[in-house]
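Undergrad: Make a model of this:
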Amino acid sequence: MKAKVILYNPKTPTYTFPLGLMAIASSLDQNKYDIEIVDGRISDDCISKVAKAFDNLLCFGITVWTGEPIRWALDFSREAKRLQPDIPIVWGGWHPSILPEQCLKDSSVDIVVKGQGEVTFSELLKCLEEKRPLHNCPGIAFKENGRIINNPDRPFADISKFPPLDYSFIDPEKYFTKKGKRQLDYYSSQGCPYRCRFCADPMVFDSKWSSLNAERVVEEISALVSKYRSEEICFNDDNFFANPKRVEEICDGIISSGLNISWLGTIRADILRRLPDELLAKIKSSGCRKMVIGAESGSQKILNWIDKKYAKDDVLISAQRCKRFGFDTAFSFMSGFPHETLEDLYATVKLIKNVKELNGNGEISIYFYTVYPGSEITDYLVSHGAKLPEAVEEWIDFHPQNPTLPWIDNNLRTQVERLNFYLDYGYKKPKYIVEKLLLLFYITARWRCKHDLYSFPLEMHLVNGLKMLYNRFNRNGGIAGEFIKQFSQ
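TA: Residues are numbered from 1 along each chain as shown. From the prediction side, this is the model:
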C-alpha cells in the first residue's frame, strides 16, 4: 500500500489555484505516494474528514501565509494532531519560511520546510518513511526531544529542473466557479531580483529569480487551455516581466501557435516605461489584457526610502502607455510607511487621480503598509524598538486593511478607506444600464475627489448596503440580485 500524503491549503479571501501545493505534489513520485490536495476554500469540514479517513498516512503538509490563513492552518493542525497524534504535521510557505522557530513553538507543528519545497519535501518524506534522522535534510527546521533544530537552508534552485505542475491534483472547474470566470492560474518564474525594503521576498528567495524558458511556457499553457477550456491565463509570477526578452519569446510563441487566449501579468513601472513600442504592440497582439503594477507611492521621498529604484513619473508614464496600447491596469499603492506624512499621502492621491483620468475603470487600491516579517523595514522598526508578535497565532490579526501599527491611527485608516471608495467611483465610466440611470451618483463622487472632500460618506454607505442586499438576493439568484450587482460591484 502506498503511503498517504495530505496537503492542505487554508482558507483565504481569493480563489487562486493552490500552485505551491500543486508544485510539491507534482514533484513527488506518484507510484510511491498517494497524494491529495485539500483546499479549505473549496471543501467544507475538511479537518475531521481527512484526519480520520486514512490509514498509512505519512504526514500532513500545510501551506501558510501571514494573517488570517494562520487561524485555519492552526485549526487544522490542532484538530489533526488531536485525532492522529503520531502523524507529523509539516508547515511550509512564506510565513514558516521566515519564522520557522516561532512556528515550531506551537505544539501542533512538528516540521517546517523553508523556501522552495519541491526537493526538500521529497527528501523529508524519504526520511519519515525510512525513519531516518532529519539532521541531514537541508531546508527544514524541526523539533527533537523538545528542542528546535534549524537545519541549513537549501540553495535556491532553477525551477526549469522541476516537473510541470499536474493540474489533476485539483478540480479547476470548482475554482472557475468560485472566480466567476474560466481564469487559469499559472506561474512561469519564481522569486524577484529586486530588494524593495517592504517585501519579504529577498529573505525567502534571497533576491534570486528563476524562470521557465518561453518554449516550455507556451507548450504548457497551450495544453492547459485545451484541456480545461480556459479563457484566460493569470501569470502568478512575482515579477513576470523581469526578463523582457523572455516575455517577447513567450508572445511570439503564443501568436505563432494560434492560441486564442487573454492573459495578465505583473510588471514594474520602470520596466514598462522602457519597453519598446514594437514589443508592447506584440504583447497586446498575443492577448495580454491587463498589466498588474505595484506603484507603491506618489511621493518620491517614500519611493526612495523603500528602495523602489524608480521615479514616480514612471508610474504615470506606464499608465499612459497602457492606455495607448489598450491594456487594462491594476495599480496598487501603499500608505502608512514609517516617516510618511499627510503631504506624502496626498502626493499619492494626486498621482492616482492622474492615473484615473487616463483610465477611469482601471483598478487602483491604496493599502496600508504592514509589518511583514522578514522585510528590511521590519528589521529597521525592530531596531528602533518595535515589538513583533511572539507567538504564531498573534500574526492572525495581520491584515493590509486592518493594521495595528501605532503610527496608523483611526483617522488615517478612515481617510484611506474613503479615498479607495471615491477614487474608484469618481472616475468610473458607467457601462451598465443601472449605472447610467444613477449617473448623478458618479458625478457627486467625482466632485468629492476634485475637492478632496470625503466627510459624511453617504454614497459609500449606500453602496455597502447594496452589496449586503446583493449577497442576500444572490442566495436565490434572480433579477433583483443581478440589478444590484451591476451597480455595486
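Undergrad: drop to CA atoms for contacts and neighbour counts, all remaining ones
TA: OK.
Undergrad: ok, and the closest non-adjacent residue to Gly374?
TA: Spatial nearest neighbour of Gly374, excluding adjacent residues (Cα to Cα, 6 or more residues apart in numbering): Ala200 at 5.0 Å.
Undergrad: Quick check: the one you found touching Thr370?
TA: No. Contact criterion Cα atoms under 8 Å: Ala200 and Thr370 do not qualify, at 11.4 Å.
Undergrad: picking up where we left off before, and the residue nearest to Gly374, what does it touch?
TA: For Ala200, the contact set (Cα atoms under 8 Å, 6 or more residues apart in numbering) comprises Tyr372, Pro373, Gly374, Ser375, Glu376.
Undergrad: Could you tell me which of those count as buried?
TA: Tyr372, Pro373, Gly374, Ser375, Glu376 (16 or more other Cα atoms under 10 Å).
Undergrad: gap between the first one and Thr348?
TA: Spelled out, it's Tyr372. The gap separating Tyr372 from Thr348 is 22 Å, by Cα to Cα, to the nearest Å.
Undergrad: Next: the third one.
TA: Per Cα to Cα, Gly374 is found 26 Å from Thr348.
Undergrad: go on, the fourth one?
TA: Using Cα to Cα, one gets 22 Å for the distance from Ser375 to Thr348.
Undergrad: Surely Gly265 is in a strand?
TA: Yes. Counting by DSSP: H, G, I helix; E, B strand; the rest coil, Gly265 falls inside a strand.
Undergrad: Nearest spatial neighbour of it, chain-adjacent residues omitted?
TA: Residue nearest to Gly265 in three dimensions, not counting chain neighbours: Phe235, with 5.0 Å by Cα to Cα, 6+ apart.
Undergrad: give me the number of residues near the one you found?
TA: When neighbours are counted by other Cα atoms under 10 Å, Phe235 registers 18.
Undergrad: who touches it in this structure?
TA: When contacts are counted by Cα under 8 Å, 6+ apart, Phe235 touches Asp185, Tyr186, Tyr187, Ser188, Trp263, Leu264, Gly265, Thr266.
Undergrad: Just say helix, strand or coil for the first one.
TA: Three states are possible here, and by three-state DSSP the one that applies to Asp185 is strand.
Undergrad: Give me the nearest residue to it, chain neighbours excluded.
TA: Setting aside the residues directly before and after it, Asp185 is nearest to Cys234 in space (Cα to Cα, 6+ apart), at 4.9 Å.
Undergrad: Can you verify that neighbour is assigned to a strand?
TA: Yes. Counting by three-state DSSP, Cys234 is part of a strand.
Undergrad: For Tyr369, see how far away Tyr311 is.
TA: Actually, residue 311 is Ala. It isn't Tyr. According to Cα to Cα, Ala311 and Tyr369 sit 19 Å apart.
Undergrad: typed the wrong thing, it's Glu118
TA: Here the distance between Glu118 and Tyr369 works out to 31 Å (Cα to Cα).
Undergrad: do Thr66 as well
TA: Per Cα to Cα, Thr66 is found 14 Å from Tyr369.
Undergrad: Likewise for Pro138?
TA: Distance from Pro138 to Tyr369, by Cα to Cα: 33 Å.
Undergrad: cool, Ala269 as well?
TA: Separation of Ala269 from Tyr369 (Cα to Cα): 19 Å.
Undergrad: So those two - more neighbours on which side?
TA: For Ala269 and Tyr369, the more surrounded residue by other Cα under 10 Å is Ala269, and the numbers stand at 24 against 20.
Undergrad: give me the low-pLDDT residue ranges for the stretch 301-450 of the chain?
TA: For the stretch 301-450 of the chain, the stretches flagged by pLDDT under 70 are 398-410, 430-438.
Undergrad: could you show me where the strands are in it, in order?
TA: Counting by DSSP state E, counting those that start in this stretch, the stretch 301-450 of the chain has these strands, from start to end: 328-335, 363-368.
Undergrad: helices or strands up against the shortest one?
TA: Meaning strand 363-368. strand 328-335, helix 410-426 (3 or more Cα pairs under 8 Å, 6 or more residues apart in numbering; DSSP states H and E).
Undergrad: So which bits of that strand are buried?
TA: With burial defined by 16+ other Cα under 10 Å, the residues of strand 363-368 counted as buried are Glu363, Ile364, Ser365, Ile366, Tyr367, Phe368.
Undergrad: Next: the longest one.
TA: Within strand 328-335, the residues scored as buried using 16+ other Cα under 10 Å are Asp328, Thr329, Ala330, Phe331, Ser332, Phe333, Met334, Ser335.
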